[in-house]
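one predicted model, sequence on top.
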Amino acid sequence: MNHLPNTLYQIKKLMQKILIFGSEGYIGRTIVDFFTKKNYKVYGFDNLIYKQKNQIKKKNYFFFKSSIHDTRKIFKIIKQEKIDKILLLGGLVGDPIVKKYPKLSNKTNLLSIKNFIKTLNNNFFGRLIYVSTCSNYGVSKSNSLLTETSQLNPVSLYAVQKVAIENYLKKNNLSFTYTILRFATAFGVSERMRFDLTINEFCKDSFVHNNIEVYEPYRYRPYCHVKDFARAIKKVYDSKVSLISGEIFNCGNQKNNFTKSKICKILKGFNKKLKIKFNKNIVDKRNYRVSFEKIQKKLSFKCIYTVEYGVREILKYLKINKNLDYKKIGNYKIDQ
């Protein structure tokens with residue numbers, strides 16, 4: 001017999017549920033915060049590979065220090081809680097860390113995810129979002145905006161791994177509905193902060209040193225605030241299956257296709273003492289401008305946070321948290 005008041009019982013019954021792999025990462029924590037505030041029950045899996053502490057204490061957030069390999073525990077929760085939404089976000093994230101640990105990254109970002117998808121097939125019938133990257137576009141010789149159908153040209157191992165999983169999803173006849181989101185480069189304040197991302201790092205260097213070292217200042221990259229990623233994920237889950245099944249969407253803000261030089265110009269507006277040093281010894285071939293028209297037109301989704309907003313937000317965060325050990329705040333080293 002149900003002893004809960006009728007209204008409370010109905011709320012509990014209506015609560016949607018999502019399982020997130022990588023829930024304790026930089027983007028993951030923002031997504032957990034967003035969905036719990038939207039009255040979701042969030043089940044988070046993370047093996048805390050970057051030695052981060054589980055600091056999230058939120059209502060309706062259930063954390064498991066475990067990895068994607070623990071299929072017995074995962075499927076027990078999926079079945080027991082009747083979860084119909086999965087977000088594949090975890091792994092070794094970013095070109096530098098993947099380059100530093102190539103064998104582990106191939107196991108984590110490639111083999112483990114392929115095995116999980118294989119196991120998931122015919123055992124899961126809900127919706128899955130796979131988080132990929134705009135780095136898949138690599139080098140573009142054209143000045144035109146790249147779309148989801150543009151040729152992929154990954155130049156980093158991280159992007160090669162992402163492309164491989166995209167292709168694996170596309171070539172298999174799966175029991176669940178999958179959607180691929182190609183994330184732009186992230187920025188913004190998160191509960192698990194990172195200062196090894198371009199905009200975040202430039203803000204930190206400006207605030208701490210009044211100096212930014214820049215290489216390849218005129219190459220383009222798209223940027224997106226972490227809060228907009230959370231909004232985009234919810235938009236996909238809320239959309240009709242016919243609109244998102246097997247689809248790939250670039251996820252970012254068209255107005256945030258920036259060069260590093262342009263980011264520095266914004267920071268100069270906040271710090272008149274800032275000095276810019278150009279380093280010609282470091283080469284990064286990546287150069288691409290991305291269109292986000294498809295997700296805007298098909299799902300009526302548009303990002304709302306600008307680079308200027310993010311810079312102001314991060315600088316405010318740095319002023320409040322002056323005693324941070326910046327060398328440890330990022331995906332620099334993993335706990336093997």
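Structure's in. What do you need?

OK, contacts around the closest residue to Ser156 other than its chain neighbours?
Leaving aside its chain neighbours, Ser156 sits nearest to Asp95 (4.3 Å; criterion: CB to CB, 6 or more residues apart in numbering). In this view, the C-beta of every residue, glycine as well, is placed from N, C-alpha and C. With contact set as CB atoms under 8 Å, 6 or more residues apart in numbering, Asp95 has these partners: 135, 156-159.

wait, doesn't Arg231 sit right on Phe301?
Yes. Using CB atoms under 8 Å, Arg231 makes contact with Phe301 at a distance of 7.3 Å.

ok, these two, which is more surrounded?
Here Arg231 and Phe301 are compared on neighbour count by other CB atoms under 10 Å; more neighbours surround Phe301, at 20 against 17.

so that one is in contact with Ala232, correct?
Yes. Applying CB under 8 Å, one finds Phe301 in contact with Ala232, separated by 5.8 Å.

can you redo the contacts of Asp95 as CSV with secondary structure, distance to Leu146 and pLDDT?
Below are the contacts of Asp95 laid out as CSV (DSSP: H, G, I helix; E, B strand; the rest coil; distance: CB to CB, whole Å; pLDDT from 0 to 100):
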residue, secondary structure, distance to Leu146, pLDDT
Ser135, helix, 12, 95
Ser156, coil, 16, 92
Leu157, helix, 21, 94
Tyr158, helix, 18, 93
Ala159, helix, 13, 95
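
closest to Leu181 out of these?
Among the contacts of Asp95, Ser135 lies closest to Leu181 (CB to CB), at 13.2 Å.

and the closest one, how many neighbours?
For Ser135, the count of nearby residues is 25 (other CB under 10 Å).

and what of Phe278?
Phe278 has 13 nearby residues by other CB under 10 Å.

can you pull the contacts of the closest residue to it other than its chain neighbours?
Excluding its sequence neighbours, the residue lying closest to Phe278 (CB to CB, 6+ apart) is Val214, at 5.5 Å. For Val214, the contacting residues are 260-261, 264, 276-279, by CB under 8 Å, 6+ apart.

could I get the phi/psi values of Val214?
Backbone torsions of Val214, given as degrees, to the nearest 10, read phi -120, psi 130.

next one: the residue nearest to Ser156 from Phe292, what distance?
Using CB to CB, to the nearest Å, Asp95 is found at 22 Å from Phe292.

one step back: make TSV out of the contacts of Asp95 and add distance to Phe75.
Output for the contacts of Asp95, formatted as TSV (distance: CB to CB, whole Å):
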residue	distance to Phe75
Ser135	31
Ser156	33
Leu157	30
Tyr158	28
Ala159	30
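
so which of these wins on neighbours?
That'd be Ser135 among the contacts of Asp95, by other CB under 10 Å, with 25 neighbours.

do you know how far the closest residue to that one other than its chain neighbours is from Lys273?
Spatial nearest neighbour of Ser135, excluding adjacent residues (CB to CB, 6+ apart): Ala159 at 4.2 Å. Computed as CB to CB, the Ala159 to Lys273 distance reads 37 Å.

highest neighbour count among the contacts of Val214?
Lys260 (22 neighbours).

which residues touch that residue?
Contacts of Lys260 (CB under 8 Å, 6+ apart): 198, 202, 214-219.

do you know how far it is from Val189?
20 Å.

and if you look at Asp46?
20 Å.

who's more crowded, the two?
Counted by other CB under 10 Å, Asp46 and Val189 do not tie: Asp46 has more neighbours, with 26 against 18.

for Asn200, see how far away the more buried one is.
Distance from Asp46 to Asn200, by CB to CB: 20 Å.

Arg312 now?
Arg312 is 13 Å from Asn200, by CB to CB.

take the helix or strand containing Gly310, keep the C-alpha atoms, and write them as PDB.
Using DSSP states H and E, Gly310 sits in helix 307-320. Only the C-alpha atoms of helix 307-320 are listed here, as PDB (Å, rounded to 0.1, in the frame of the first residue of the first chain):
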ATOM      1  CA  VAL A 307      32.700  33.700 -24.700                       C
ATOM      2  CA  GLU A 308      32.500  37.200 -23.100                       C
ATOM      3  CA  TYR A 309      30.000  35.800 -20.500                       C
ATOM      4  CA  GLY A 310      32.400  32.900 -19.800                       C
ATOM      5  CA  VAL A 311      35.500  35.100 -19.400                       C
ATOM      6  CA  ARG A 312      33.600  37.400 -16.900                       C
ATOM      7  CA  GLU A 313      32.400  34.300 -15.000                       C
ATOM      8  CA  ILE A 314      35.800  32.600 -14.800                       C
ATOM      9  CA  LEU A 315      37.600  35.800 -13.700                       C
ATOM     10  CA  LYS A 316      34.900  36.300 -10.900                       C
ATOM     11  CA  TYR A 317      35.500  32.600  -9.900                       C
ATOM     12  CA  LEU A 318      39.300  33.300  -9.700                       C
ATOM     13  CA  LYS A 319      38.900  36.400  -7.600                       C
ATOM     14  CA  ILE A 320      36.800  34.400  -5.100                       C
END
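
that one: how far from the chain's middle?
On the basis of CA atoms, centre = their mean, to the nearest Å, helix 307-320 sits 19 Å off its chain's mean C-alpha point.

please apply the same query to stretch 298-310.
15 Å.
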